[in-house]
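Q: could you look at this predicted model? Sequence included:
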Amino acid sequence: MRKRVTKAIFPVAGLGTRFLPATKSIPKEIMTLVDRPLIQYAIDEAREAGIKEFIFVTARGKGALEDYFDSAPELEKSLRLKGKTDLLRELRRTDMDSGAIAYIRQREARGLGHAVYCARRLVAPNEPFAVLLPDDVIAGKVGCLKQMVDAYAETGGNMVAVMKVPRKQTSSYGVIDPGQKDGRVIEVKGMVEKPKAEDAPSNMAVIGRYILRPAIFQTLRRLPTGAGGEVQLTDAISAQIETDGVYGYNFAGQRFDCGSKAGYLQATVAFGLGREELHDELRGFLDTVTGVRHAAE
């Protein structure tokens with residue numbers, strides 16, 4: 001019987017320079033969509049998929065991220081005394097069991113592959129694990145990782161989330177060379193990190209959700225630097241194709257790139273419209289803005 005995926009790595013050591021000066025004092029992962037930080041969306045998705053242990057690969061200046069998952073007894077007491085049970089319930093969603101979270105420091109900014117490698121001592125030799133990038137927020141009836149975990153139970157090997165992107169954008173992603181398809185599962189024959197449009201093997205791009213076998217750590221240990229002078233996780237996964245197999249999973253849902261300002265704003269609007277108590281007021285405001293723009297044209 002295939003071992004269940006119950007452990008996840010969250011690489012959160014990045015400086016978030018695209019969002020300066022805000023990220024000078026606030027970790028990017030704490031920036032909010034409506035009333036929840038980006039990291040909470042990733043945690044909720046992981047919990048839905050059955051993840052029980054959470055490994056954060058951090059760096060200096062991420063203290064606020066660690067504090068977010070700590071208990072807040074004074075705040076809870078205040079809410080309880082004021083009878084604000086709904087807010088108290090929301091606050092408790094951020095609680096994590098003692099021992100469920102581990103923090104590892106990435107001392108050098110050497111890329112996503114190196115960040116994952118930093119967590120190697122916390123993953124058992126026969127233990128598959130997930131990797132979630134909080135910058136990628138994915139909305140759907142069923143969480144992206146839950147879809148992947150269910151598919152992984154049938155395929156084994158390694159699995160990456162994929163989606164179609166315009167050809168001109170392939171240089172911003174890892175891109176797969178697709179083989180046979182079985183529903184949403186796609187055989188991966190090869191992977192290329194950030195290829196030019198004319199060199200890309202397809203327009204199926206890898207998105208920030210992965211299920212990996214621990215053999216990946218040995219590959220990462222000896223992997224030379226790749227695109228951008230960094231240790232690329234895509235290169236390490238590609239090296240597993242012949243030994244363990246790699247599958248793409250074309251997930252159902254809408255992905256927002258919250259690592260970019262435009263994507264973050266789009267996600268804010270989309271998630272705001274999705275909230276019943278905010279929809280009408282926000283929709284009315286957007287209609288007003290659209291009307292002003294058309295009038296100006």
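A: Great, that's in hand.

Q: list the contacts for the most centrally placed residue in the chain?
A: Taking Cα atoms, centre = their mean, the centroid of the chain lies closest to Leu133, which sits 2.5 Å from it. Counting by Cβ atoms under 8 Å, 6 or more residues apart in numbering, Leu133 makes contact with Phe10, Pro11, Ala42, Leu112, Gly208, Arg209. Glycine gets a C-beta too; all of them are placed from N, C-alpha and C.

Q: mind listing what the residue nearest to the fourth one when sequence neighbours are not counted touches?
A: Okay, so that is Leu112. Spatial nearest neighbour of Leu112, chain neighbours left out: Leu233 (4.5 Å); criterion: Cβ to Cβ, 6 or more residues apart in numbering. Counting by Cβ under 8 Å, 6+ apart, Leu233 touches Gly111, Leu112, Gly113, Val116, Val131, Gly174, Tyr210, Leu220.

Q: which of these lies closest to Ala161?
A: In terms of Cβ to Cβ, no member of the contacts of Leu233 lies closer to Ala161 than Tyr210, at 7.3 Å.

Q: which helices and strands does the strand or helix carrying the closest one pack with?
A: Tyr210 belongs to strand 204-212 when assigned by DSSP states H and E. When contacts are defined as 3 or more Cβ pairs under 8 Å, 6 or more residues apart in numbering; DSSP states H and E, strand 204-212 sits against strand 129-132, strand 136-139, helix 144-155, strand 158-164, strand 174-182, helix 233-238, strand 246-250.

Q: could you export the ones you listed to CSV, including columns for distance to Gly263?
A: Converted to CSV, the helices and strands packed on strand 204-212 look like this (distance: least, Cβ to Cβ, whole Å):
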stretch, distance to Gly263
strand 129-132, 17
strand 136-139, 9
helix 144-155, 16
strand 158-164, 13
strand 174-182, 18
helix 233-238, 20
strand 246-250, 20
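
Q: any chance of these in JSON lines, with mean pLDDT and distance to Gly284 too?
A: Output for the helices and strands packed on strand 204-212, formatted as JSON lines (pLDDT from 0 to 100; distance: least, Cβ to Cβ, whole Å):
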{"stretch": "strand 129-132", "mean pLDDT": "97", "distance to Gly284": "35"}
{"stretch": "strand 136-139", "mean pLDDT": "95", "distance to Gly284": "22"}
{"stretch": "helix 144-155", "mean pLDDT": "95", "distance to Gly284": "31"}
{"stretch": "strand 158-164", "mean pLDDT": "95", "distance to Gly284": "32"}
{"stretch": "strand 174-182", "mean pLDDT": "92", "distance to Gly284": "41"}
{"stretch": "helix 233-238", "mean pLDDT": "90", "distance to Gly284": "43"}
{"stretch": "strand 246-250", "mean pLDDT": "96", "distance to Gly284": "36"}
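
Q: closest to Lys261 out of those?
A: Closest approach to Lys261 among the helices and strands packed on strand 204-212 (Cβ to Cβ): strand 136-139, 14.1 Å.

Q: any idea of the pLDDT on Thr94?
A: At Thr94, the pLDDT value in this model is 78.

Q: can you check the one 3 residues further on too?
A: The predicted local distance difference test score for Asp97 is 74.

Q: surely Leu122 and Ile101 touch.
A: No: applying Cβ atoms under 8 Å as the test, Leu122 and Ile101 come out as separate, 11.0 Å apart.

Q: where do the helices of the protein begin and end?
A: Taking DSSP state H, the helices of the chain run over residues 38-48, 63-68, 73-81, 85-92, 112-117, 144-155, 216-222, 233-238, 261-273, 276-296.

Q: can you put the ones you listed in JSON lines and add distance to Ala252?
A: Listed next are the helices of the chain as JSON lines, based on distance: least, Cβ to Cβ, whole Å:
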{"stretch": "helix 38-48", "distance to Ala252": "13"}
{"stretch": "helix 63-68", "distance to Ala252": "29"}
{"stretch": "helix 73-81", "distance to Ala252": "36"}
{"stretch": "helix 85-92", "distance to Ala252": "27"}
{"stretch": "helix 112-117", "distance to Ala252": "25"}
{"stretch": "helix 144-155", "distance to Ala252": "7"}
{"stretch": "helix 216-222", "distance to Ala252": "26"}
{"stretch": "helix 233-238", "distance to Ala252": "22"}
{"stretch": "helix 261-273", "distance to Ala252": "16"}
{"stretch": "helix 276-296", "distance to Ala252": "23"}
